[in-house]
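Engineer: Give me coordinates for this.
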Amino acid sequence: MGAELITVSCDTHFTHLAWHTVEKELADVKFKMGSDKTGDLARQFGVYLGDDGLALRGTFVIAPDGRLLFSEVNFLNVGRNVDELMRKFKAALYVAKKDEGIPPTWNEEGDLTLKPSAKMVGKVHEALSNDGNPT
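Structural biologist: Now for the predicted structure:
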């Protein structure tokens, strides 16, 4: 998809190694894992909990030009769904090229999108029921 995936946490690289070698959910991970043990990057993204020395679970999709395309922040004990993250990632790439709105039912290019307009205000549900066209 032309993207690079890097995970970053406030854990040390030793903790990442332990997670990777012990936790079966991470056994096949091939992407880079970065350590932000000082919390500097977490502070920059606004997810650092200074009193606890922890960071909220944030996902940030950043375009090569530095624009934020998508972000999501979960509390510490709320897991993330990779399929939903991939749907949102593909949606962010899609809308970066098109002037369309992505409904929550969209999964890939070719699925129903909405064209933002004054006609659409208050008629999203109707448009979703009529192949994207409000009446």
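Engineer: only C-alpha atoms for contact and neighbour calcs from this point on.
Structural biologist: Fine.
Engineer: can you give me the strands in the protein?
Structural biologist: Ranges of strands within the chain are 6-9, 32-35, 48-49, 54-55, 57-62, 68-74, based on DSSP state E.
Engineer: The last one vs strand 57-62, what angle?
Structural biologist: Comparing the axes of strand 68-74 and strand 57-62 via axes from the mean of the first three to the mean of the last three Cα atoms, to 10 degrees yields an angle of 180 degrees.
Engineer: So which elements touch strand 68-74?
Structural biologist: strand 57-62, helix 82-97 (3 or more Cα pairs under 8 Å, 6 or more residues apart in numbering; DSSP states H and E).
Engineer: Over to the fifth one?
Structural biologist: Secondary-structure packing of strand 57-62 (3+ Cα pairs under 8 Å, 6+ apart): strand 68-74.
Engineer: Pick the most deeply packed of the helices and strands packed on strand 68-74.
Structural biologist: Among the helices and strands packed on strand 68-74, ranked by average contacts under mean count of other Cα atoms under 10 Å, first place goes to strand 57-62 (a mean of 17).
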